[in-house]
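1. Kindly generate the corresponding structure for this input.
(one chain, ligands or ions: 1)
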Amino acid sequence: MAKYNLKINGKARQVDVDPSTPVLWVLRDSLNMVGTKFGCGMAQCGACTVHLDGNAVRSCVLPVSAIGKQEITTIEGLSANGEHPVQKAWLEHDVAQCGYCQSGQIMSAAALLKSNPKPTDEDIDAAMSGNICRCGTYLRIKEAIKTASK
Ligand code: FES
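-> The predicted model follows:
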């Protein structure tokens, strides 16, 4: 076990965990931040997507020992009161079906629009291709990203 001082959603948090512990489980088990979801545990589905210094990363394969001073942002910290343009567009387009993958989808979409505010269809496909949705909400996801980019 080792102590880590993390910056998560703008707040300093300390955890005492094994250095190899994935950030996903630090968030969910140590800090009770359960908005970030476990899907595959192998960086294949995107359900666990968070931001590391603004970039979308798969928290299920990211050991806490690799974070250092980089800031983690989770779905809980993306905006106050769900007012991020991506979250508003998600509601407008009624994107979620079962909802399980959606926090990861939203985090990937938000990272895309931060780095590329006016993405083409191809840009959206490329950025979102690592986020799997078993309900097949892909068309609504794409429309919501386009709305959020306006
Ligand atoms: Fe991390 Fe699937 S749970 S990519």
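
2. Is residue 72 in a helix, a strand, or coil?
-> strand (DSSP: H, G, I helix; E, B strand; the rest coil).

3. can you pull the contacts of it?
-> Residues near residue 72 by C-beta atoms under 8 Å, 6 or more residues apart in numbering: 6-9, 23, 27, 50-52. For glycine as for every other residue, the C-beta is placed from the backbone atoms N, C-alpha and C.

4. Next, see if the helix ranked longest in the chain gets close to the ligand.
-> Determined from DSSP state H, the single longest helix within the chain is helix 102-115. No - against the ligand, helix 102-115 shows no contacts by C-beta under 6 Å from any ligand atom, the least distance being 7.5 Å.

5. by contact count, what packs against the helix or strand following that helix?
-> Remark: after helix 102-115, the chain's next helix or strand is helix 121-128, criterion DSSP states H and E. Contacts defined by 3 or more C-beta pairs under 8 Å, 6 or more residues apart in numbering; DSSP states H and E place helix 121-128 against helix 102-115, helix 138-148.
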